[in-house]
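Trainee: need coordinates for the following:
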Amino acid sequence: MNDILIRPFRPDDAPWLVEQHGRLYQRNEGFDDTFAPLVERILADFMASHDPTREKGWIAERDGVRLGSIFCVALNGHTAKLRLFLLMPEARGQGLGKRMLNTCMGFARDSGYRDMALWTHESHRAACALYRASGWQLTGSKKVHSFGCDLVEQSWEIRL
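Mentor: Okay, here's the model as predicted:
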């Protein structure tokens, strides 16, 4: 795993990120074609108006091949929001997710945030286990119908 670089997100990463989110979530979760456009809007907003001193994205890559992403954005003045955390299947189970999460949380802490929050789905069991092991607390859970699926949406928080 030492050969995997976690580097800053660049605008030319956006098409790959949209494609992978759409493809993986459709294949693994049964999401419909409304999900990738949502990711595209999130990235467009980030690129157009993020505050680089308090908001950042990262891409994990090995030998120029992208393996994942994670973003830290402002939810409000003291809470950061974790967004677009994605690991390609071939990169899972090697500790890279933990490394990326620690990078994001460390940036949030160093940027003056007191807390972090995230939104995910109960079906993302490995991610939820990582959050729990990293000290995050599940703060809410509700049944929703999103992206053409019946899901259980979860909210998580951590004090930095």
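
Trainee: every contact and neighbour count from this point should use C-alpha atoms.
Mentor: Will do.

Trainee: residues of the helix or strand that contains residue 67 that come out buried?
Mentor: Assigning secondary structure by DSSP states H and E places residue 67 in strand 65-74. By neighbour count with 16 or more other Cα atoms under 10 Å, strand 65-74 contains the buried residues 66, 67, 68, 69, 70, 71, 72, 73, 74.

Trainee: same check, this time on stretch 95-113
Mentor: 96, 97, 98, 100, 101, 103, 104, 105, 107, 108, 109, 113.

Trainee: same list, those residues, but as a markdown table with secondary structure and distance to residue 55 please.
Mentor: Formatted as a markdown table, the buried residues of stretch 95-113 follow (DSSP: H, G, I helix; E, B strand; the rest coil; distance: Cα to Cα, whole Å):
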| residue | secondary structure | distance to residue 55 |
| --- | --- | --- |
| 96 | helix | 21 |
| 97 | helix | 19 |
| 98 | helix | 19 |
| 100 | helix | 15 |
| 101 | helix | 14 |
| 103 | helix | 13 |
| 104 | helix | 10 |
| 105 | helix | 11 |
| 107 | helix | 9 |
| 108 | helix | 8 |
| 109 | helix | 12 |
| 113 | coil | 11 |
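
Trainee: output the strand holding residue 67 as CSV, nothing but the C-alphas.
Mentor: The C-alpha coordinates for strand 65-74 follow below in CSV (Å, rounded to 0.1, in the frame of the first residue of the first chain):
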residue,chain,number,x,y,z
VAL,A,65,-4.4,4.6,-12.0
ARG,A,66,-7.1,6.2,-9.8
LEU,A,67,-8.3,4.0,-6.9
GLY,A,68,-10.6,6.2,-4.9
SER,A,69,-11.7,9.6,-3.6
ILE,A,70,-12.7,11.5,-0.5
PHE,A,71,-13.7,15.2,0.1
CYS,A,72,-13.9,17.5,3.0
VAL,A,73,-16.4,20.4,2.6
ALA,A,74,-17.9,23.0,5.0
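
Trainee: tell me the strands beside it, with direction?
Mentor: Partners of strand 65-74 in the sheet, by DSSP bridges, are strand 56-62 (antiparallel), strand 79-87 (antiparallel).

Trainee: nearest to residue 13, of those strands?
Mentor: strand 56-62 (8.0 Å; Cα to Cα).

Trainee: identify all contacting residues around the closest one.
Mentor: Residues outside strand 56-62 that contact it (Cα atoms under 8 Å, 6 or more residues apart in numbering): 3-9, 50, 66-73, 100.

Trainee: got it, and stretch 38-55?
Mentor: With contact meaning Cα under 8 Å, 6+ apart, stretch 38-55 is reached by 11, 14-15, 17-18, 21, 56, 71-74, 84, 108, 111.
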